[in-house]
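Student: Could you look at this predicted model? Sequence included:
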Amino acid sequence: MEDVMRLANSGVVWVIAILVLTVVIFQAIKFIMLAAGAGKEIGMSRKEVHSALKTGAIAGIGPSFAIIIVAISLIPLLGDPLTLMRIGIIGSAPIESVGATLGAEAYGTELGSSGFNYQAFTTVAWTLCLGGVGWLVFTALATKSMSRVEKKVTNKSEKSKKTMTIVTTAAMVAAFGNLASAEMIKGFAYVLVVLTSSLTMVLFTSLANKHQLNWLREWSLGFSIIAGLFVGYFAL
Amino acid sequence: MSVNPEKVEGEELSASTQEMAMEQFHGKAHFWGRLTLWSAIILTLSLPVILSFVLGYHPGWSAILAGFIAYGSIVAAVWFLEPMMYFPVLGVSGTYISFLTGNIGNMCLPSAAAAQHAIGAEPGTRKGEITATLGIGAASLVNKLFLIPIILGGSVLISTIPENIQRIFPLVLPAIFGGVLAQFAMKKPIYGVIALGVGLIVNMTSLVVYLKMLLCIMITIMICVWLEKRNVAKE
C-alpha cells in the first residue's frame, strides 16, 4: 500500500494532472473573456458583467468546500494527483469513488488493501479515465448539433421563443426541485436546512429589492447557505 | 443566420446586431470549447496509457474491460442524458465550460442561477447565457483556488477542523439547493411548488438517480407549459 502510493504520487502522474488542470483553468479564463466581450455587444453594462462574475465566485465557495471534503477522503486511496485530476475536471466527487471501487474490484482486489498493487492502480486509472471521458466526448461532438436544434425551435416564431423561455425556466427550477427533494428525504435536519436556507433567501432578496442593495443580492446565496448550516448544526 | 425577416426599424436593427454578436460568440465558443475538451480527453487518456505501456504496469485488457463495463453500466446513460438535459439551461458556452469543470448540479447550476438572479437576466435569453457563462467561469476558478492548495497542503488542514463542525458538511448541499430553489420560487412561485412536489414524489420511487432527474425535469416542464398555455387561452 505504501508502495503503490509511490506510483500514485510519482512525477508522471503529477505532470499529467497539472496539465489537465491547466487546460481547465485556461478554458475558464478564455470563456470569461469571450462572454465579457459578447456581453458588451448585446448591451450588458460593465457593472452587470462585474456583478455576474462576483456572484458566480461567491456561489462557488460553498460547493467548493463540499467537493474538497470528498476529495480529501479519496486522497489516501488514489494519491494526490489522480484525485486532483478526477475531482478538478468532470468528476462529480461521489461518482468517482464508485468508479475507483469498481476498478479495484475488476482487478480482484479492494482499494487500500494489501493486494492493491501497481497493476490494480493502473486498472483504477483506466476505469476512471475512460468513464470520465464519455461526457467530454459527447459534449465535444454534440454541442453544435444541440445548438442547431435549439435554434430551429426558437427561430420559428415569437410564440415558440416564449415557450422556449418557459421550458428553460421550468427545467432549471425542476433541476433544483429534484436536488432539494433528494436531500429532504434524508431526514429531519435536511428538511430544516432546506427550509431555513429558502426562507433566508426570500428574506434577503426582498430586502435587496426593497432597498436596491445590489451587494446583498450578490451575497444572498452565501448568506442562505450559512444560515441553513447554522440551524442544521443544532438539529443534527 | 442568413437574412433576418424582421422589419428594419431602430429596435429590430439592434436586435439583429445582437444576434450577430451572439453568432460570433457561439462560433468562438465552439472553437475554444472543442479545442479544450479534446485536449483534456487526450491528456486524461494518456495517464492510463503511460502507466500501462511506458511504465509497464499493464493489468491486462480483461481487467480493464471488466472495470470499464461495471462503471460504464452506471454512468454511460448519463454521458448523453446530462448534456442534453442541461443544454437549454446552460446554452452553448455554458455547456462547454460546465462539462469540463464538472460538479454541474452542485456548483455550476447554482452559480449560473445566482449570477442571473443578481443582475435580473432570464435563463434561456442571450443575456441569460452570457451571464451563466460568467458565473460558472468565476465559480470554476474559485473552486480551483480552493482545491489546489488544499490538495497540496493536504489533509492536515481538514483534520484540524473540529469534529462537530465536520458533522455539518453533508448539510452544505441541501443549504445550496434550498436557497437556489427559493430564488426561482420568488419569481415563479407556481413553478417552485410544482418542481418541489414532482421532485418529492419522484424521489420516493426507487428509480436510478439520473432517471429521477430526467423524469422530474420532463414532468415539470410539461405541467408549466400546460399552465402557461391555459393562462394565455384565458386571456
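Tutor: Structure received. Residues are numbered from 1 along each chain as shown, chains lettered A, B, ... in the order given.

Student: Mean pLDDT per helix and strand in chain B: which one sits at the bottom?
Tutor: helix B:155-159 (a mean of 60; mean pLDDT, DSSP states H and E).

Student: what's downstream of it, the next helix or strand?
Tutor: Remark: after helix B:155-159, the chain's next helix or strand is helix B:163-166, criterion DSSP states H and E.

Student: pLDDT averaged over that next one, what's the number?
Tutor: Helix B:163-166 shows an average pLDDT of 74 in the prediction.

Student: So which bits of it are buried?
Tutor: Neighbour-count burial for helix B:163-166 flags no residue at all (criterion: 16 or more other CB atoms under 10 Å in any protein chain shown). Where C-beta positions appear, they are placed from N, C-alpha and C, glycine not excepted.

Student: Also stretch B:110-120?
Tutor: Neighbour counts over stretch B:110-120 (16+ other CB under 10 Å) mark B:Pro110, B:Ser111, B:Ala112, B:Ala113, B:Ala114, B:Ala115, B:Gln116, B:His117, B:Ala118, B:Ile119 as buried.

Student: now stretch B:147-156
Tutor: B:Leu147, B:Ile150, B:Ile151.

Student: Could you do stretch B:31-45 as well?
Tutor: Neighbour-count burial for stretch B:31-45 [16+ other CB under 10 Å]: B:Trp32, B:Gly33, B:Arg34, B:Leu35, B:Thr36, B:Leu37, B:Ser39, B:Ala40, B:Ile41, B:Leu43, B:Thr44, B:Leu45.

Student: and chain A, which of these contact it?
Tutor: For chain A, the contacts drawn from those by CB under 8 Å from any CB of the partner chain are B:Trp32, B:Gly33, B:Arg34, B:Thr36, B:Leu37, B:Ser39, B:Ala40, B:Ile41, B:Leu43, B:Thr44, B:Leu45.

Student: okay, those in TSV with secondary structure, distance to B:Gln24 and pLDDT next?
Tutor: Putting those into TSV (DSSP: H, G, I helix; E, B strand; the rest coil; distance: CB to CB, whole Å; pLDDT from 0 to 100) gives the following:
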residue	secondary structure	distance to B:Gln24	pLDDT
B:Trp32	helix	13	97
B:Gly33	helix	14	96
B:Arg34	helix	16	96
B:Thr36	helix	19	96
B:Leu37	helix	20	95
B:Ser39	helix	23	96
B:Ala40	helix	24	94
B:Ile41	helix	26	95
B:Leu43	helix	29	94
B:Thr44	helix	30	93
B:Leu45	helix	32	94
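
Student: how near is B:Val49 to chain A?
Tutor: To chain A, B:Val49 is 9 Å away according to CB to the nearest CB, to the nearest Å.

Student: Pull the contacting residues for that residue.
Tutor: Residues near B:Val49 by CB atoms under 8 Å, 6 or more residues apart in numbering or on different chains: none.

Student: Give me the local confidence score for it.
Tutor: So B:Val49 comes in at 96 (pLDDT).

Student: helix or strand for it, which one?
Tutor: Taking DSSP H and E as the criterion, B:Val49 maps to helix B:10-49.

Student: what do you get for A:Ala35?
Tutor: Using DSSP H and E, the element containing A:Ala35 is helix A:11-41.

Student: Strands of chain A, residue ranges please.
Tutor: Using DSSP state E, chain A contains no strands.

Student: Kindly state the domain boundaries assigned to chain B.
Tutor: B:1-57, B:59-169, B:188-235 (automatic domain parsing).
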